[in-house]
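Trainee: here is a sequence together with a model predicted from it:
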Amino acid sequence: VRDIGVSNFNPYQLRTLLRSATVRPAVNQVECHPLLPQHELLQFCATENMTVTAYCPLGSPGRDTKTKSEPSLLKHPSVLMASAAE
């Protein structure tokens, strides 16, 4: 095995894994977007030289379980600013 990855690991879980892993994870896939920025996790992964891959970077706006009171990431200032830069 050359590289492995994990999904949805928080810093505590990663520390536990890293204490005993013979192959260090190269990537941690987590939900990450402007409303769930995961600052602590991103900092931890950077310190450990681990790449973070975001899933649901726009918060899954079309999912069936979205409530009307839930903010829309498609209307979030960060997303609008990025799209205007194109």
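Mentor: That came through, no problem.
Trainee: quick one: stretch 44-62 to chain centroid distance?
Mentor: 2 Å (Cα atoms, centre = their mean, to the nearest Å).
Trainee: same deal with stretch 30-38?
Mentor: Stretch 30-38 sits 5 Å away from the centroid of its parent chain (Cα atoms, centre = their mean).
Trainee: average model confidence for the helix or strand where V52 lies?
Mentor: V52 belongs to strand 51-55 when elements are defined using DSSP states H and E. Strand 51-55 shows a mean pLDDT of 93.
Trainee: that strand pairs with which strands, parallel or anti?
Mentor: Strand 51-55 has the following strand partners under DSSP bridges: strand 25-31 (parallel).
Trainee: so which bits of the strand it pairs with are buried?
Mentor: For strand 25-31, a neighbour-count test (16 or more other Cβ atoms under 10 Å) marks 25, 28-30 as buried. Every C-beta, even on glycine, is put in place using the N, C-alpha and C of the backbone.
Trainee: and stretch 40-56, by the same measure?
Mentor: Buried, per 16+ other Cβ under 10 Å, within stretch 40-56: 41-42, 44-45, 50.
Trainee: dump the residues you listed to CSV, plus distance to F9.
Mentor: Putting the buried residues of stretch 40-56 into CSV (distance: Cβ to Cβ, whole Å) gives the following:
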residue, distance to F9
L41, 8
L42, 13
F44, 10
C45, 9
M50, 9
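Trainee: please state the mean pLDDT value computed over stretch 32-46.
Mentor: When pLDDT is averaged along stretch 32-46, the result is 92.
Trainee: sweet, I'm off.
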